[in-house]
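> coords please:
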Amino acid sequence: MRKEFKGLKLKIAHGSNVGKRRTNNEDSYLVSSPLFVVADGMGGHAKGEVASDTACEAVLSHMEKIKPGDIDELQEDLVAAYLSAQQAVQNIEYRKYYEYSPGTTLTSIYFHDDAIVTHVGDSVAYRMRDKLEKLTKDHGYGHSLDNFVGINDSDLRIDQKTVEYEAGDVFLLATDGLTNHVKDSEIEQVLSGLYNYDREIDQLYKDIDENSIDEIVEILTNMCLNRGGSDNVTLIVIKVSK
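Numbers count the residues shown, from 1 in each chain. Now for the predicted structure:
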């Protein structure tokens, strides 16, 4: 597993929680540096957890076969990996009494000379530097998603962008179980180490260093659970350091 990029290192923390209202976890995620992926199988569709897992595995399988070239080639490879995931999800067998065929969101970050963000659906990617920057655009919301892996091929849209990264940056990938309960302004405070989520014991994280990013996952997950935990929540936090 590659851990150094441009002379920088990546520290990773991750977790997934079923929440308080769901009986199964339809989220999947992948940590295979330099590739990080989250996927949220769509509720009400057939085999949401199978769809999300299938999409993650298809992207990984495709990217493991390529020889990384320049960043333009990698962007093309990632789009091809998403198209492979699209085909794999469409090929999932499902019982005919389901109203909808399998579907999933799919959001990833690949670290190279820049970070490549590739995205379908309403999961999210953020970069925290001096302030929080959302790197993805939601393609609808919840049951009204108009773009997801598993949709008709002619309707699939794959967003992609590149962003710079440097020591001190914190990246966050998350399913909408986070953003349903936690505002961007609160996410910014947590990633910068300024949010006190447990005021009864005055727990305040002032420094987000290499040894504390696990606490980011814990804090954000607990915030979701304390506010109802209406959905599965999955998080990958990536801290760039020297």
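> When you work out contacts or count neighbours from here on, use the C-alpha atoms and nothing else.
Noted.
> How about Asp153, nearest residue that isn't a chain neighbour?
Gln86 (7.9 Å; C-alpha to C-alpha, 6 or more residues apart in numbering).
> part of a helix, is the one you found?
Yes - counting by DSSP: H, G, I helix; E, B strand; the rest coil, one finds Gln86 located in a helix.
> so it touches Asn152, yeah?
No - in this structure Gln86 lies outside contact range of Asn152 using C-alpha atoms under 8 Å: 9.1 Å.
> between those two, who's got more neighbours?
Gln86 (26 against 11; other C-alpha atoms under 10 Å).
> Could you check how far that one is from Val149?
5 Å (C-alpha to C-alpha, to the nearest Å).
> Please apply the same query to Ile66.
Counting by C-alpha to C-alpha, the gap from Ile66 to Val149 is 22 Å.
> contacting residues around the residue nearest to Asp153?
Contacts for Gln86 (C-alpha atoms under 8 Å, 6 or more residues apart in numbering) come out as Ala55, Val149, Gly150, Ile151, Asp153.
> so what's the third one up against?
By that I understand Gly150. With C-alpha under 8 Å, 6+ apart, Gly150 has these contacts: Gln86, Gln87, Val89, Gln90, Ser101, Pro102, Gly103, Thr104.
> Hmm, which of those is lowest in pLDDT?
Minimum pLDDT across these is recorded for Ser101, with 78.
> and Val68, how many neighbours does it have?
Heads up, residue 68 is Pro, not Val. Burial measure for Pro68: 12 neighbouring residues, criterion other C-alpha under 10 Å.
> err, Val117, not the other one
Quick note: Val117 (other C-alpha under 10 Å) scores 23 neighbours.
> pretty sure it contacts Val124?
No - look at Val117 against Val124 with C-alpha under 8 Å: they stay out of range, at 10.0 Å.
> Find the residues that touch each one of those two.
In contact with both Val117 and Val124: Thr107, Leu135, Thr136, using C-alpha under 8 Å, 6+ apart.
> and the spatially closest residue to the first one that is not a sequence neighbour, which of the three is it?
The reference is to Thr107. Sequence neighbours aside, His119 is the residue nearest to Thr107 in space, at 4.4 Å (criterion: C-alpha to C-alpha, 6+ apart). Three-state assignment for His119 (three-state DSSP): strand.
> got a list of what His119 touches?
Taking C-alpha under 8 Å, 6+ apart as the test, what His119 contacts is Thr105, Leu106, Thr107, Ser108, Thr136, Ile158, Asp159, Gln160.
> Selection in ChimeraX covering whichever of the residues you listed are buried, please.
In ChimeraX, this line selects whichever of the contacts of His119 come out buried by 16 or more other C-alpha atoms under 10 Å:
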select :105,106,107,108,136,158,160
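> which stretches of this structure form strands?
4-5, 8-17, 27-32, 35-40, 106-111, 115-120, 124-128, 132-134, 159-163, 170-174, 233-241 (DSSP state E).
> Most tightly packed of those strands?
Highest mean neighbour count of those: strand 35-40, a mean of 28 (counted as mean count of other C-alpha atoms under 10 Å).
> Tell me where this protein is predicted with low confidence.
Scanning the chain for pLDDT under 70 picks out 1-4, 43-46, 94-99, 142-143, 194-211.
> Now Pro68. Nearest residue, chain neighbours left out?
Using C-alpha to C-alpha, 6+ apart, the closest residue to Pro68 is Leu74 (6.4 Å).
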